[in-house]
Structures are given as structure tokens and as C-alpha cells.
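Colleague: Give me coordinates for this.
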Amino acid sequence: MADEDLGQRPQTELLTGVWKSRSELFAKRRTELAQLKIDELISSIFSNGPFYHYVFDLYDLDLVYVSPQVEQLHELDLETITFQDILDQIHPDDMDFVARAEATAIRIFQQKIGKEKITDYKISYCFRFRVKDGSYRLFNHQAVVLSTDSQGAIGKALNVHTDISHLAAENNYRVSLIGMNGEPSYLDLEVDGSLEDAVPTRPVFSEREMSVIRLVAQGLTSAEIGKELALSEYTIKNHRKRILKKARCQNMSQLLATCITEGLI
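Modeller: Modelled structure (predicted):
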């Protein structure tokens, strides 16, 4: 085992403890899902770059499923991969932030939002991940709790990791709780910050504008987006101008980086 791994192990054990405490905070027993609607959730995750996803059991941190793309990004074997293997890819200098971001999310759900609403939120933040060539790149982490039981026990969760190094080079070291199913969002929060600073944020973009942003992220032109949404190319171009003005961005690349790092969508 490399010296770096030896130095990192206590930190990953700390992070593992945070995830286990998340499950214990809400209840003690396991839960099972009748059906995992992973495809629907993946389609709702905002990503622009190579990504993979996995489902794990928060009770014992066992991996239930890992998408094959993990082998394209990390030096990991799909047949033998463990949750600890994934944690070990996090940059040692970012491990403390990841643990604090998770602890902050737990605290906000427990004391502000309400633990019963945890399945209505995506938790988003960024950190550096070691990739296949041994270098570190900035990734966006998005997590969704898939289910809880009648006693509030968290069963399984979905994590999505997206390489955003082509969009952003610096981490803002903030965490966002992005509301789904009509819930308000808590965006760009300082970890370990006061709960008074965790206030609901009104949606930055309309549903139509969000549709345009997602299609831009897929690489579609204004003409192609217009066909997809049954709108004219002129209308789409106007949408894009308004979106950039709202986000105070100069171009779409800057917009996508801002959307991901600040949790705008």
C-alpha cells in the first residue's frame, strides 16, 4: 500500500462514519426497494461530461450497482470494486471538505428542512478525484436518497460523479441542496455555516429555460433545440440570451460551469 493511501485511510474512515451516521440519524433498520427507477433519476441529473453512477446501501455501505463507465474514469475493476475503493480516489486535501459537506447536509435536513423530505432533494458539491492516468480532476458529486421506510430509515442512495474539469478548474467548496418535486432549493451554502444562512432560494430558471439548458449541455444547436421543443430557432436564441443574463454569464460554457458548481439546477 502506498504512503499516500496510508495517510488517506483515516480520512476516508471519517467520511465513512459520516455516511453511516446519516442512516443512524434517521433510524436503525434496513429498507428494501421494490423497484429502483434509476433511469428516470439519471435523466433528471444535470451533467455535462463523462460520468458514472452507483447505488449503495447506507446501512452497511455495500455497493448494489455500479455503472460500467467507472472503469473508463478510474483505475478500478468493476467486478471487485467496493465503496471504500471509490472513496480512496478522492484527493487527500479534499477529503475533509467532503466529510464536512455531508455533515452540513445532514444538519440542515435534521434541523431545518425535515428528515421526512430527504428523498425530495439532490445533494450537490464538487471535489477532486483521481482518474485513470493518476492525475486529479474536478468532479461534481450529486446524490439522491432513493427510499426511506415508515420509520424514516434510509435504505439505498444513488450517487452520480461527473468529470467537469473541462468546464471548471477551481472548486468553490460549497454545497447545494437542490429541491425536487416542488421543494425549494438551498444553494451555494458554506459548509459548517450558520443555519440562519440556509434560506430557500427561488428558482433561477423557468421550466422552459431549464429544458433549454439541459439540451445545450447535450451539445444541441439552437436549431436542434427548437425542433426538440417545437419552438423556432429565434425563440431558442432569445431564451439563451435571457438565461445568460439571469446567470450573469458571458457564454454557455461559463453558464454550464456555474450551474454545476453553484447548484443552480
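
Colleague: what about the residue most central in space within the chain, helix or strand, and which?
Modeller: Nearest to the mean C-alpha position of the chain, counting by CA atoms, centre = their mean, stands Q142 at 1.1 Å. Using DSSP states H and E, Q142 maps to strand 136-145.

Colleague: Pull that strand out as PDB, backbone CA atoms only.
Modeller: What follows is strand 136-145, C-alpha atoms only, in PDB (Å, rounded to 0.1, in the frame of the first residue of the first chain):
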ATOM      1  CA  TYR A 136      -6.700  14.500 -10.300                       C
ATOM      2  CA  ARG A 137      -9.600  16.200 -12.000                       C
ATOM      3  CA  LEU A 138     -12.500  18.300 -10.600                       C
ATOM      4  CA  PHE A 139     -15.700  16.200 -10.400                       C
ATOM      5  CA  ASN A 140     -19.300  17.100  -9.500                       C
ATOM      6  CA  HIS A 141     -21.000  14.800  -7.000                       C
ATOM      7  CA  GLN A 142     -24.800  14.500  -7.000                       C
ATOM      8  CA  ALA A 143     -26.600  12.300  -4.500                       C
ATOM      9  CA  VAL A 144     -30.200  11.200  -4.200                       C
ATOM     10  CA  VAL A 145     -31.700   9.100  -1.400                       C
END
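
Colleague: Show me what that strand is packed against.
Modeller: strand 121-130, strand 156-163 (3 or more CB pairs under 8 Å, 6 or more residues apart in numbering; DSSP states H and E). From N, CA and C alone the C-beta is placed, and that goes for glycine too.

Colleague: Note down every partner strand of it and its orientation.
Modeller: Here strand 136-145 is paired, per DSSP bridges, with strand 121-130 (antiparallel), strand 156-163 (antiparallel).
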